[in-house]
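Trainee: just to be clear, the model below is a prediction. Sequence and coordinates:
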Protein chains: 2
Amino acid sequence: MSERTSTVTETERLARAALSRIAEPGHPTLTDAVHQLGGATVLGDLQRQAADRALGEDLADRIATADPLKELERAASKGVRFVVPGDTEWPSALDGLVTAPHLHERGGVPIGLWCRGPLQLDEAVEHAVAVVGSRSATTYGGAVAGDIAAVLARESWTVVSGAAFGIDQSAHRGALGQRGPTVAVLACGADRAYPTAHRSLIDYIAGVGLVVSEAAPGCAPTRIRFLARNRLIAGLSRGTVVVEAAVRSGALNTASWTAGLGRPVMGVPGPVTSAPSAGVHQLIRARDALLVTSGEEVLEAVGPMGLFLLPEPREPERPRDRLDPVQRQVLDAVPLHQAVESRSIARTAGIAHARTREALVVLHRAGLVVHALGLWRQLEPET
Amino acid sequence: MSERTSTVTETERLARAALSRIAEPGHPTLTDAVHQLGGATVLGDLQRQAADRALGEDLADRIATADPLKELERAASKGVRFVVPGDTEWPSALDGLVTAPHLHERGGVPIGLWCRGPLQLDEAVEHAVAVVGSRSATTYGGAVAGDIAAVLARESWTVVSGAAFGIDQSAHRGALGQRGPTVAVLACGADRAYPTAHRSLIDYIAGVGLVVSEAAPGCAPTRIRFLARNRLIAGLSRGTVVVEAAVRSGALNTASWTAGLGRPVMGVPGPVTSAPSAGVHQLIRARDALLVTSGEEVLEAVGPMGLFLLPEPREPERPRDRLDPVQRQVLDAVPLHQAVESRSIARTAGIAHARTREALVVLHRAGLVVHALGLWRQLEPET
């Protein structure tokens, strides 16, 4: 733990734990209310409404039976801690999450996050990039996601993803392969594993990195929990890389959250014949995403200004670049597939015959022209 | 021939034919002078300078021996005609070509164009798109270039390219396969073939389309003739599609001419692991090119405003879209991989148990939930 101390009262923490169990992740009205009034006030209000029978029976029932202290103890027994705003671990990056009901069904600053793993959440996401994409990824997409994650990890950037099949798991594994930090944000409880086939991957991440969920422990994944989760992946990252995404894809939902936060959305292109790349191509076409081809280009886009500036892609120096102007003029006058006399070359170049001959000798030595039977020609067009 | 009549005098045509033989294609000073003063004036001036021994011996020699009448006759015997500004066939699209010495070694409106083939140049390029790219194309790039050209051809658009190996030839063949118009712009004389392996392709295009060159008949290809040729491909087209291009590529030269003309540059992405796509990715990254994935998207970019507007890429309708709000809310509350009782679903959804059961039956019929032993679960996450 950091030397700083949490400013959160026990009452507030317990109220938020209760609310986290009562309400669905990213409930727009509730997250807004808690963000503005605090968890204790909102919970008290709900309890009053329940007593007045102003709430549905089920909700009232859930409020009545909530036992946040036991909840936190049970979570702790599974290695899960509950992090709330005001805790030293709470990442300020999340404060940008607001509700946008016209855009998203979910929204708002989370009431709290259930975390499992040795990393401190705020430190882990200080320099973090989301790498997300299709669950039906191709071998190509998986390889590129892994490569990008590995480059990020080598530069000590955290790779945030959703532990799903396909791109997500390649991203986590790419980071883990470099012993880099990685954060898996789940739609189910942080103590569970979805997909279940990724139980060992998720437990491994919980052992060296961090598993995070807005849903209370034990929760199963549902569609709205996935939508709420996507906004968290965006919120915890400085930018989002979409590696492969079909036209309708959760990764595009994450991308739109990232754009809403004013952070860079990046897309990795692929063959236009590959359906899993279609969503990414659409993003780039619409100028909603920057095309990236490598981890270095990702770092250039998300890193502190100027820190990861890539050298301008330089054209390789060619033998032609080392010639003087006369030699270049002569070279330009040597035909490509028809051998001619030096006198004809001199004429085309508009350069005296003697100087043309001198230049041809240099060009021949440089391997730029071929000479046989008194005739000269170039090897290959360069343009 | 059109019913309109050429406004070009015989003197002017002969002067331009002489200049076309004397000077290299796209010579910036000369094209500028001829564009402003006319060919006859410029040739007369050069002849005076030659008589005054103010020109180099070779150039003076070439001016003295020029025989444009014989030149035109010899060209005609090979099926090649010389088209100059003022001819009915002259395409106005070329008038935008100006010299930009800081950008290009070549430039200006051509002195004249040597044409071989049945199409009228102005009509052929009224609706034309350049499809260009790497000579070292991949199978993928060739296939995509051919597909794009075929779509253009089916809409009666002309495919302009350079008849080179790789992308160029795939583009021509894609158009020819649809019996569509295609124009090959060469760096050698219009009577010749470069690469020589494309002799039959080029002759075939001359039989049904058009082979065009700024270089006089008989000329061999040289580097500067390739550069001059690239500007013509851009000048004759409403936009340029780059399919594959390494970082240093003539196709990028064509793209920069297209951009200079204020016409759309389009790029087809490919795997980031493929070197021939690197130049295209760079163009798109720099926002110098629009990402395109199909001939339809190309037409949308170059066609008359609104004519080829593509429908917004629509997400396929899913069973979920046909549900009413209550049914959706219930569906969202059904866990994904864990089967639960309907009462638990009702609680999560916040909907009365009886109504939840009704909704579950509908969802079950729609194949959205699985029901066994009194427990319910969803099939797959949709996000």
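Mentor: Yep, it's here. Given the structure is predicted, the values throughout are model-derived calculations rather than measurements.
Trainee: now do the helices in the stretch 201-350 of chain A.
Mentor: For the stretch 201-350 of chain A, helices defined by DSSP state H, counting those that start in this stretch occupy the ranges A:223-235, A:250-260, A:278-285, A:295-302, A:325-333, A:342-349.
Trainee: walk me through the domains of chain A.
Mentor: A:70-302, A:319-378 (automatic domain parsing).
Trainee: among these, which is the most enclosed?
Mentor: Among these, the stretch with the highest mean neighbour count (mean count of other C-beta atoms under 10 Å in any protein chain shown) is domain A:70-302, at a mean of 22. Yep, even glycine has a C-beta here, placed from its N, CA and C like the rest.
Trainee: just the pLDDT for the nearest residue to residue A:225 once chain neighbours are set aside.
Mentor: Distance criterion C-beta to C-beta, 6 or more residues apart in numbering or on different chains; nearest residue to residue A:225, sequence neighbours excluded, is residue A:187 at 4.1 Å. pLDDT for residue A:187: 96.
Trainee: try residue A:346
Mentor: The per-residue pLDDT reported for residue A:346 equals 87.
Trainee: let me see the contact set for it.
Mentor: Residue A:346 makes contacts with A:330, A:333, A:352, A:353, A:355, A:356, A:357, B:58, as judged by C-beta atoms under 8 Å, 6 or more residues apart in numbering or on different chains.
Trainee: is it true that the fifth one lies in a helix?
Mentor: Spelled out, that is residue A:355. Yes. According to DSSP: H, G, I helix; E, B strand; the rest coil, residue A:355 belongs to a helix.
Trainee: any idea how far it is from chain B?
Mentor: 12 Å (C-beta to the nearest C-beta, to the nearest Å).
Trainee: which residues does that residue contact?
Mentor: Counting by C-beta under 8 Å, 6+ apart, residue A:355 touches A:326, A:346.
Trainee: repeat that for the third one.
Mentor: Contact analysis of residue A:352 by C-beta under 8 Å, 6+ apart lists residue A:346.
Trainee: do the same with the second one
Mentor: Shown here is residue A:333, whose contacts under the criterion C-beta under 8 Å, 6+ apart are A:345, A:346, A:348, A:349, A:351, B:222.
Trainee: closest one of those residues to residue A:366?
Mentor: Taking C-beta to C-beta as the measure, residue A:366 sits nearest to residue A:345 out of the contacts of residue A:333, at 15.7 Å.
Trainee: my guess is that closest one meets residue A:356, correct?
Mentor: Yes. Residue A:345 is in contact with residue A:356 according to C-beta atoms under 8 Å; the separation is 5.7 Å.
Trainee: about what we covered before: mind putting the domains of chain A in a markdown table, distance to residue B:212 included?
Mentor: As requested, the domains of chain A are exported to a markdown table (distance: least, C-beta to C-beta, whole Å):
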| stretch | distance to residue B:212 |
| --- | --- |
| domain A:70-302 | 29 |
| domain A:319-378 | 19 |
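Trainee: pick out the shakiest of those, pLDDT-wise.
Mentor: domain A:319-378 (a mean of 84).
Trainee: start to end distance for it?
Mentor: 13 Å (C-alpha to C-alpha, to the nearest Å).
Trainee: stretch A:346-357 too?
Mentor: 8 Å.
Trainee: now it, how far from the centre of its chain.
Mentor: Remark: stretch A:346-357 is offset 58 Å from the chain centroid, using C-alpha atoms, centre = their mean, to the nearest Å.
Trainee: so what's residue A:106 up against?
Mentor: A:25, A:26, A:27, A:28, A:224, A:227, A:228, A:231.
Trainee: checking the first one next. Helix, strand or coil?
Mentor: Secondary structure, three-state DSSP: residue A:25 is coil.
Trainee: how about the residues of the stretch 101-250 of chain A near chain B?
Mentor: A:140, A:143-144, A:187, A:194-196, A:220-224, A:226-227, A:230, A:247-250 (C-beta under 8 Å from any C-beta of the partner chain).
Trainee: can you rerun that using 6 Å?
Mentor: Those residues of the stretch 101-250 of chain A that sit near chain B, judged by C-beta under 6 Å from any C-beta of the partner chain, are A:140, A:144, A:220, A:221, A:222, A:223, A:224, A:226, A:227, A:247, A:248, A:250.
Trainee: and which of the contacts of residue A:106 is nearest to chain B?
Mentor: Among the contacts of residue A:106, residue A:224 lies closest to chain B (C-beta to the nearest C-beta), at 4.8 Å.
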